[in-house]
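Enquirer: need coordinates for the below:
(chains A, B, C and D)
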Protein chains: 2
Amino acid sequence: MATQPDAGAKAREPLSRERVLRAAVALADEGGAESLSMRRLARELGVVPMALYKHVANKDEMLDGMVDVVVGEIDPPVADIDWKPAVRRRVLSARRALLRHPWAPGVLESRTNPTPAVLAYMESMIGMFRAGGFSIDLTHHAIHAMGSRLFGFTQELFDDTADAGAAPDPEVVRALAAFPHITELMLAITHDQSSVVGPGCDDQLEFEFALDLLLDGLERLRDRA
Amino acid sequence: MATQPDAGAKAREPLSRERVLRAAVALADEGGAESLSMRRLARELGVVPMALYKHVANKDEMLDGMVDVVVGEIDPPVADIDWKPAVRRRVLSARRALLRHPWAPGVLESRTNPTPAVLAYMESMIGMFRAGGFSIDLTHHAIHAMGSRLFGFTQELFDDTADAGAAPDPEVVRALAAFPHITELMLAITHDQSSVVGPGCDDQLEFEFALDLLLDGLERLRDRA
DNA sequence: ACCTGAACACCGTTCAAGT
DNA sequence: ACCTGAACACCGTTCAAGT
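Expert: Below you'll find the predicted structure:
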């Protein structure tokens, strides 16, 4: 019994590419990218592993499809507004979409070739800069300077979001003694944000700060030219 | 014979944590992160897989160690210069170290807890901003705004570096017809850089452009406060 | 006490055998 | 022609049996 495919509620309707992708996204949403395996996904769908390969070429191509599902959730551009708020709003919409799917940044970064939805999104963003009076060259620099921020995320290399309420681990305290600047920074953050619900460091605030820093800098370069 | 551990030249001296890490870095340098498995590494060292676990707790902890090897290759800070060239030079040194180990950005991003060398590097970089007259708050914003650029890399989401010499793939040309802005951008790049050896898009130039954009923007914010 | 072979619980994907 | 069970060539790690 345990080894048999689980013929659950959703097992009846026939498999399709879309159903495979939707199930894969759901599975990754629940358990993260590392819990998404072809075998596990097949079990979830009440299907033998090989059945998936009728609808996706292989796991990599399935991940491409999943990326396009998420990128497809980004709101369309708002028309008839200036380039800066246009870019800003679209990037923040992308951020909301990606935050709904925590596995998406990692998977997006792992793709070697851009998927159709990613290309369409880039096309649209490039168009916003061009419409805002940016030269081709400066637009190119801008796209690179934005990097993954264009898609609403940044890879945080070390986790600021210390739990302000938690008792400080003596192990951690001893380790941090060797790093006075880091300690100072973390203490300042948790103190400043003590009135804020949740983590000690507001990622959304930091994201918008850097986004505006870049957009303002790019605008200045455009005006100088 | 094929199934026996390969007792090669380097098989004689006893295993140590350092030897394991050096071999792991070398293996990843050659074949990329995905070719680094505990079993393959053991074979390379002429040793049974389980022997590795005497020197590293598990694969994750080994990856931590590898990160510290690479971060340890970053040049120490240059003393007695202004904060901006100090940060700039250190970041570009970090970039050179990471470019020597193409697997390092991905592995660095996959770490959940900062390793000792990473903490020491952050401590030093934070100190540079503080010495440059940045408030704790602005320093905190700066660290976030820099993101992985502090370590000399940015995750490129789609590969600009088209081979200018290669014949255009008709498949690609047809696909790009739907994206005129992207096409325009790529044509402009390959044309402008036609005198440059190598890829159509100079990543180093783009990296330094964005780095200076950020550092200039941060300086302006510091002066305004 | 130390070391290690076999085993466990997985992978993604191929392929030949079954309907 | 379609579908799928078994098999292949791997993983990281545990554990008990051997020295």
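Enquirer: nearest residue to A:T183 other than its sequence neighbours?
Expert: Leaving aside its sequence neighbours, A:T183 sits nearest to A:L176 (Cβ to Cβ, 6 or more residues apart in numbering or on different chains; 4.8 Å). C-beta here means a position set from N, CA and C on the backbone, and glycine is covered the same way.
Enquirer: quick check, the one you found in contact with A:I182.
Expert: Yes: using Cβ atoms under 8 Å, A:L176 is in contact with A:I182, at 6.4 Å.
Enquirer: which one's more surrounded, these two?
Expert: A:I182 (20 against 17; other Cβ atoms under 10 Å in any protein chain shown).
Enquirer: which helix or strand contains that one?
Expert: helix A:180-192 (DSSP states H and E).
Enquirer: what is the orientation angle of the helix or strand following that helix with helix B:203-224?
Expert: Toward the C-terminus, helix A:180-192 is succeeded by helix A:203-224 as the next helix or strand (DSSP H and E). Orientation of helix A:203-224 against helix B:203-224 (axes from the mean of the first three to the mean of the last three Cα atoms, to 10 degrees) gives an angle of 100 degrees.
Enquirer: dump helix A:203-224 to PDB, restricted to CA.
Expert: Taking Å, rounded to 0.1, in the frame of the first residue of the first chain, the C-alpha atoms of helix A:203-224 are listed here in PDB:
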ATOM      1  CA  ASP A 203      13.800  43.700   3.900                       C
ATOM      2  CA  GLN A 204      11.100  45.600   2.000                       C
ATOM      3  CA  LEU A 205      12.400  48.900   3.200                       C
ATOM      4  CA  GLU A 206      16.000  47.900   2.300                       C
ATOM      5  CA  PHE A 207      14.800  46.700  -1.100                       C
ATOM      6  CA  GLU A 208      13.100  50.000  -1.900                       C
ATOM      7  CA  PHE A 209      16.000  52.000  -0.600                       C
ATOM      8  CA  ALA A 210      18.400  50.400  -3.000                       C
ATOM      9  CA  LEU A 211      15.900  50.500  -5.800                       C
ATOM     10  CA  ASP A 212      15.400  54.200  -5.400                       C
ATOM     11  CA  LEU A 213      19.100  54.800  -5.100                       C
ATOM     12  CA  LEU A 214      19.700  53.100  -8.400                       C
ATOM     13  CA  LEU A 215      16.800  54.800 -10.200                       C
ATOM     14  CA  ASP A 216      17.800  58.200  -8.900                       C
ATOM     15  CA  GLY A 217      21.400  57.600 -10.000                       C
ATOM     16  CA  LEU A 218      20.400  56.500 -13.400                       C
ATOM     17  CA  GLU A 219      18.100  59.500 -13.900                       C
ATOM     18  CA  ARG A 220      21.000  61.800 -13.000                       C
ATOM     19  CA  LEU A 221      23.200  60.100 -15.600                       C
ATOM     20  CA  ARG A 222      20.400  60.400 -18.200                       C
ATOM     21  CA  ASP A 223      20.100  64.200 -17.500                       C
ATOM     22  CA  ARG A 224      23.800  64.700 -17.700                       C
END
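Enquirer: is any part of stretch A:47-60 close to chain B?
Expert: No: figure legend: stretch A:47-60 not in contact with chain B (Cβ under 8 Å from any Cβ of the partner chain); closest approach 11.8 Å.
Enquirer: I'd like to know which elements the helix holding A:I182 is packed against.
Expert: helix A:170-176, helix B:116-131, helix B:136-146 (3 or more Cβ pairs under 8 Å, 6 or more residues apart in numbering or on different chains; DSSP states H and E).
Enquirer: as CSV, these with distance to B:L218 and mean pLDDT would be great.
Expert: Converted to CSV, the helices and strands packed on helix A:180-192 look like this (distance: least, Cβ to Cβ, whole Å; pLDDT from 0 to 100):
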stretch, distance to B:L218, mean pLDDT
helix A:170-176, 25, 76
helix B:116-131, 8, 97
helix B:136-146, 5, 97
